[in-house]
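Colleague: need coordinates for the following:
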Amino acid sequence: MSLGTVVIDCFPESAERYRDVYGIVAIDVIRATTTATTAVSMGRRVFPARDTDEAAVVAAKLENPLLVGELGGNTPYGFHETNSPAAIARRADVERPMILVSSSGTQLILNSDGCDVLYIACLRNFSAVARVAAGQHSRIAVLGAGTRGRFRREDQIGCAWVAKKLVELGYEPETKETEEYIARWHGADVQTIRDGQSADYLRRSNQLEDLDFVLSHIDDLDTVPCMVDGELVGARVENSKAYALAPLRAAVGSR
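Modeller: Residues are numbered from 1 along each chain as shown. This next block holds a predicted model:
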């Protein structure tokens with residue numbers, strides 16, 4: 001018996017098509033959702049923002065916040081770190097709440113906010129995301145952030161891997177394009193990301209440590225960040241699917 005359908009799509013503006021009736025999985029492998037998932041897994045509070053003005057408003061409400069991000073590939077003035085999962089993984093000051101801004105990833109996250117449940121996925125937690133989302137929604141949209149109008153290779157792979165897991169758990173592809181993405185990428189060697197345009201940008205901008213970080217951390221986390229009242233709240237997958245969403249909602253009530 002089918003649990004429902006899964007669809008793959010791309011770009012922040014696509015969220016409007018799915019927000020009202022789907023659970024949404026947001027993916028920006030290089031680098032926003034990898035940075036966010038890494039931070040949440042370490043116990044750091046994470047607040048996505050669209051731009052520096054919004055980040056300043058959020059920062060004013062927090063104690064000693066860490067400003068992290070990029071816009072147009074550049075670290076905004078006054079920010080402490082660029083949008084770097086490797087840099088965040090090195091930092092020991094996990095008590096500082098993180099405000100994250102990015103050109104595409106946080107735009108997708110915030111455009112998707114308001115759906116039934118918004119899950120944050122990357123190559124580190126794609127299996128966990130599928131296990132948490134499966135059975136919670138009759139329709140799930142797996143959305144890649146894209147960059148400069150392109151559905152980048154790493155996001156296609158991330159979306160395909162989440163969707164493939166959902167199919168294995170009982171979902172059916174909703175569109176022909178979804179079937180094609182899964183067929184093309186479900187067994188892909190992750191190193192093929194090195195040949196993509198995002199990897200080329202990291203190479204040219206001397207940020208290869210982030211590429212190496214992404215490609216060396218595959219399905220190693222069971223933390224699933226979910227958007228709750230403007231914050232990415234970490235849910236943890238237990239050994240069985242009995243997890244459901246009750247612990248997440250209990251955690252929300254304790255905020």
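Colleague: switch to C-alpha atoms for all contacts and neighbour counts from now on
Modeller: Fine.
Colleague: what about the strands in the stretch 151-255 of the chain?
Modeller: 171-173, 223-228, 231-236 (DSSP state E, counting those that start in this stretch).
Colleague: go on, the stretch 1-150 of the chain?
Modeller: Using DSSP E, counting those that start in this stretch, strands in the stretch 1-150 of the chain cover 4-10, 23-27, 46-49, 66-69, 98-101, 118-121, 139-144.
Colleague: could you list the paired strands of the second one along with their orientation?
Modeller: Sheet neighbours of strand 23-27, with direction, are listed as strand 118-121 (parallel), strand 139-144 (parallel) (DSSP bridges).
Colleague: can you give me the offset of that strand from its chain's centre?
Modeller: 7 Å (C-alpha atoms, centre = their mean, to the nearest Å).
Colleague: can you put the strands of the stretch 1-150 of the chain in CSV and add distance to G234?
Modeller: Shown next, in CSV, are the strands of the stretch 1-150 of the chain (distance: least, C-alpha to C-alpha, whole Å):
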stretch, distance to G234
strand 4-10, 23
strand 23-27, 14
strand 46-49, 9
strand 66-69, 18
strand 98-101, 14
strand 118-121, 10
strand 139-144, 19
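Colleague: among those, which comes closest to L108?
Modeller: strand 23-27 (6.8 Å; C-alpha to C-alpha).
Colleague: only alpha carbons, please: show that closest one as CSV.
Modeller: The C-alpha trace of strand 23-27 is given here as CSV (Å, rounded to 0.1, in the frame of the first residue of the first chain):
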residue,chain,number,x,y,z
GLY,A,23,5.6,18.3,3.7
ILE,A,24,8.8,19.9,2.3
VAL,A,25,12.4,18.8,2.3
ALA,A,26,14.8,21.7,1.6
ILE,A,27,18.2,20.9,0.2
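Colleague: related to what we said a few turns ago, among the strands of the stretch 1-150 of the chain, show me which one is buried the most.
Modeller: Neighbour counts (mean count of other C-alpha atoms under 10 Å) averaged over each of the strands of the stretch 1-150 of the chain peak at strand 23-27, with a mean of 30.
Colleague: can you name the residues in contact with that one?
Modeller: Residues outside strand 23-27 that contact it (C-alpha atoms under 8 Å, 6 or more residues apart in numbering) are 18, 33, 105, 108-109, 112, 115-122, 133, 137, 139-145, 155, 158-159.
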